[in-house]
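> here is a sequence together with a model predicted from it:
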Amino acid sequence: MKFSGVFKNVLPMAAAVAFAAVAVPAQAWEPTKTVEFIVPAGTGGGADQMARAIQGIVVKHKLMKEPMVVVNQSGGAGAEGFLAVKGAKGDPHKLIITLSNLFTTPLATGVPFNWRDLTPVKMMALDEFVLWVNAETPYKTAKDYIDACKKMGPGKCKMGGTGSKQEDQIVTAAIEQNTGAKFTYIPYKGGGSVAVQLVGKHIDSSVNNPIEAVAHWRGGKLRPLCVFDTKRLPYKDKMTATMSWGDIPTCKEGGLDVSYLMLRGIFMAGGVTADQVAYYVDVLRKVRETPEWTALMNKGAFNQTSIEGKEFTDWVAAAEAEHIKLMKAAGFMAGTK
């Protein structure tokens, strides 16, 4: 059926308004109050630095109308933060930045939480791990350091890391399994504290993320021995007078066949709507387009892989399965010694 143009002239004004209202698309969802951005780790570490960088970019470029505040909830190896978001089911005003403790904390502690209690939003990047020593030590390669630790005897070398039975200790356990060296592992609340302890020679080494130690490397206090990736980093800008991130050999090049990358992803509570997820995906896409984000990626030598939607969800499921294998191999699963 085809209506003539005359028909609209006989419609009552109220009906015309109703038609107009129907024709206008519903406004997309936006936050209506302050958004809490939870960091399930201490201050100064990689997750904290990235969350605060995102928050700063959002404010500077006015990407959200409502405020965003960063809240550190590191208790229980991040369980405090994860349980807070799990308990906020259906609340679109809570975000959480995740690292691999998304998997390791429930596996190691038995805390009643699983990543499926949350809603995946976007992988922002993957983070690297670097074997660091104090710059005043004589070690120039990973082999130099590992050989020295083996010569000193089991437990004589102290490896500092963030948390217990978390990413840093998983990498440490993998080094032990690969080389036969045995470390005394000392846990701290955040990567920033780990770097400070290494500068102060309270520990002998760390496997800190690049961004957690770069300032001390630039200051001549720490020395990177190798990066736990399958290939050298692509960053060529000099971080010190003589070295770029790309100049650091892979650990495999140095005879240490261990590699590990860590998630830097954003999740929401469970039970949120597709429109609400889409809002934050759009904001985070815009964050990644800014010069400030580019600078952060270069400073922290991040692997810039970024995915969302089903691809991200599938990646998280596969990463959980891999961490179950790693945790079992290290003897870190809840109920094991």
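All right, it came through fine.

> any stretches of the chain with poor pLDDT?
Per-residue confidence for the chain (pLDDT under 70) gives these ranges: 1-27, 336-337.

> what packs against the longest strand along it?
The longest strand of the chain (DSSP state E) is strand 118-127. In terms of contacts (3 or more C-beta pairs under 8 Å, 6 or more residues apart in numbering; DSSP states H and E), strand 118-127 is packed against helix 46-60, helix 79-86, strand 94-98, strand 262-269, helix 274-288, helix 309-330. C-betas here are computed from N, CA, C, even on glycine.

> format these as TSV; extra columns: mean neighbour count and distance to A215.
What follows is the helices and strands packed on strand 118-127, written out as TSV (neighbours: other C-beta atoms under 10 Å; distance: least, C-beta to C-beta, whole Å):
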stretch	mean neighbour count	distance to A215
helix 46-60	21	11
helix 79-86	22	25
strand 94-98	25	21
strand 262-269	25	19
helix 274-288	18	23
helix 309-330	15	29
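
> A295 is nearest to which of those?
With distances scored as C-beta to C-beta, the stretch of the helices and strands packed on strand 118-127 nearest to A295 is helix 46-60 (9.0 Å).

> spatially central residue in the chain, please.
The residue lying closest to the centre of the chain (C-alpha atoms, centre = their mean) is R264, at 2.5 Å.

> thinking again about what came up before, ok, then the element right after the longest strand of the chain?
Using DSSP states H and E, the helix or strand that follows strand 118-127 in sequence is strand 130-134.

> how about R223: what's its closest non-neighbour residue?
The shortest distance from R223 to any non-neighbouring residue, by C-beta to C-beta, 6 or more residues apart in numbering, is to A135 (4.5 Å).

> what residues are up against that neighbour?
220-223 (C-beta atoms under 8 Å, 6 or more residues apart in numbering).

> so which of these belong to strands?
Mapping the contacts of A135 onto strands (DSSP E) picks out 222-223.

> the stretch 151-300 of the chain: helices as residue ranges?
Using DSSP state H, counting those that start in this stretch, the helices found in the stretch 151-300 of the chain span residues 167-179, 191-199, 210-218, 274-288, 291-299.

> neighbouring contacts of the last one?
Okay, so that is helix 291-299. 50, 53, 56-57, 60, 125, 211, 214, 235, 237, 287, 302, 304.

> tell me the two of those residues that are most distant?
Using C-beta to C-beta, those reach their maximum pairwise distance at K60 and Y235, which is 23.8 Å.

> how close does I57 get to W293?
6 Å (C-beta to C-beta, to the nearest Å).

> mind listing the shared neighbours of the two?
What both I57 and W293 touch, as defined by C-beta under 8 Å, 6+ apart, is the set V287.

> re the thing from before, pick the most buried one from the helices of the stretch 151-300 of the chain.
Most buried of the helices of the stretch 151-300 of the chain by mean neighbour count (mean count of other C-beta atoms under 10 Å) is helix 191-199; its value is a mean of 23.

> tell me what it is packed against?
strand 130-134, strand 157-162, strand 183-188, strand 205-206, helix 210-218, strand 222-227.

> and if we set it to 10 Å?
Secondary-structure packing of helix 191-199 (3 or more C-beta pairs under 10 Å, 6 or more residues apart in numbering; DSSP states H and E): helix 46-60, strand 130-134, strand 157-162, helix 167-179, strand 183-188, strand 205-206, helix 210-218, strand 222-227.
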